[in-house]
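Chemist: Output the structure for:
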Amino acid sequence: MSVYTSVGRDELAAWLQPLALGELIGHAGIAAGMQNSNYFVTTASGRFVLTLFERIEPAALDFYLGLMDHLARRGIPCPQPLADRQGRRWRLLAGKPAALLSCLPGTIEESPSPAQCEALGEMLARMHLAGADLPNPLANPCGAAWRQATGEVLMPMLASAERSLLADELAFQVAQDFSALPRGIIHADLFRDNVLWDEAGRLSGVLDFYFAGEDCLLFDLAVVANEWCFNHATLSELLAGYRRRRPLSEAEMAAWPAMRRAAALRFWLLRLDARHRPRDGEVVTIKDPEHFGQMLARFRLAPEALPR
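Modeler: Predicted coordinates for the structure are as follows:
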């Protein structure tokens, strides 16, 4: 979450009126993240999160906000968008589509325990199952086609070693056939800063669904494993929690090494793109791509089978 678009107090107060939340007390920009402009907003009714969508088309925005509402109504602890009396979940603010969402309790955990990885795995499977009946899902916006196209655009901007690694990995991924794997709506960005935990260490919130879309469910599990699991214990617990709700197929087991590479590639490309083609913003977070480049190289040299 970054701040690219500034919002004044008076225009925000006017925008909030149809939501009937009482007096605007204050708002402050949120610096974390990369894609949208975000603010904490406090009114007489409580604290909320305001998001201004910098590059999301209205049809996609309807899907993302509808997905969060769908999941929240099925017991998934995710932000729920507030709608006005006409049922609108977003309206223009400062020239951008904007939505106000519930603000969930909890804090980020930078060093998750095996037990927290287990809880996260179970929550991920619950999300996959809860989203199965949402009609007309959008495709993963950073799926295989995006990875190929973005890689080709970035190739001339990279140093020789990066260019060689990227070209070889793109060729490898094009050769993979994931068509037999179970598909559904995935979060696709479930990093540590998108999960909240309460004081007892229990999972209290799942945030930032603006990369969600239909893809292989295994890709989502690989994204989470790459971010959360630093040893055998945390990976084993993540998988145990996930399998408790949704068992993995033999095809998924076989595809695991290639899928972990695909997940590492996706975030390497996203961060390379932010570095080489940055956007202007008032408060902008640019994350280091080297972490995922090194992860991808490691998976290529030493593929790891999915623990049974």
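
Chemist: Where do the helices of the protein begin and end?
Modeler: For the chain, helices defined by DSSP state H occupy the ranges 9-16, 58-72, 114-130, 144-154, 160-174, 217-228, 232-245, 250-276, 290-301.

Chemist: For the ones you listed, state which one has the densest average packing.
Modeler: Counting by mean count of other C-beta atoms under 10 Å, helix 217-228 has the highest mean neighbour count of these, with a mean of 24. Placement of C-beta: from N, CA and C, glycine included.

Chemist: Which elements pack onto it?
Modeler: Of the remaining helices and strands, those touching helix 217-228 by 3 or more C-beta pairs under 8 Å, 6 or more residues apart in numbering; DSSP states H and E are helix 114-130, strand 183-186, helix 232-245, helix 250-276.

Chemist: sorry, back to before: kindly reformat the helices of the chain as JSON lines containing distance to Asn194.
Modeler: Shown next, in JSON lines, are the helices of the chain (distance: least, C-beta to C-beta, whole Å):
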{"stretch": "helix 9-16", "distance to Asn194": "25"}
{"stretch": "helix 58-72", "distance to Asn194": "13"}
{"stretch": "helix 114-130", "distance to Asn194": "11"}
{"stretch": "helix 144-154", "distance to Asn194": "19"}
{"stretch": "helix 160-174", "distance to Asn194": "24"}
{"stretch": "helix 217-228", "distance to Asn194": "9"}
{"stretch": "helix 232-245", "distance to Asn194": "15"}
{"stretch": "helix 250-276", "distance to Asn194": "13"}
{"stretch": "helix 290-301", "distance to Asn194": "16"}
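
Chemist: Asp198: which of these is closest?
Modeler: Across the helices of the chain, Asp198 has its closest neighbour in helix 114-130 (11.2 Å, C-beta to C-beta).

Chemist: which other residues reach the closest one?
Modeler: Residues outside helix 114-130 that contact it (C-beta atoms under 8 Å, 6 or more residues apart in numbering): 70-71, 74-76, 109, 112, 184-187, 190, 195, 197, 201-203, 206, 217, 220-221, 224, 228-229, 233-246.

Chemist: try 6 Å this time
Modeler: 71, 74, 76, 184, 203, 217, 224, 228, 233-234, 237-238, 240-242, 244-246 (C-beta atoms under 6 Å, 6 or more residues apart in numbering).

Chemist: Could you work out which of the helices of the chain reaches nearest to Asp84?
Modeler: helix 9-16 (10.0 Å).

Chemist: quick one: average confidence on that closest one?
Modeler: Averaged across helix 9-16, pLDDT comes to 98.

Chemist: quick one: contacts for the residue most central in space within the chain?
Modeler: Note on the chain: the residue nearest the mean C-alpha position is Asp189, at 2.3 Å, using C-alpha atoms, centre = their mean. Taking C-beta under 6 Å, 6+ apart, we find Asp189 in contact with 208, 211.
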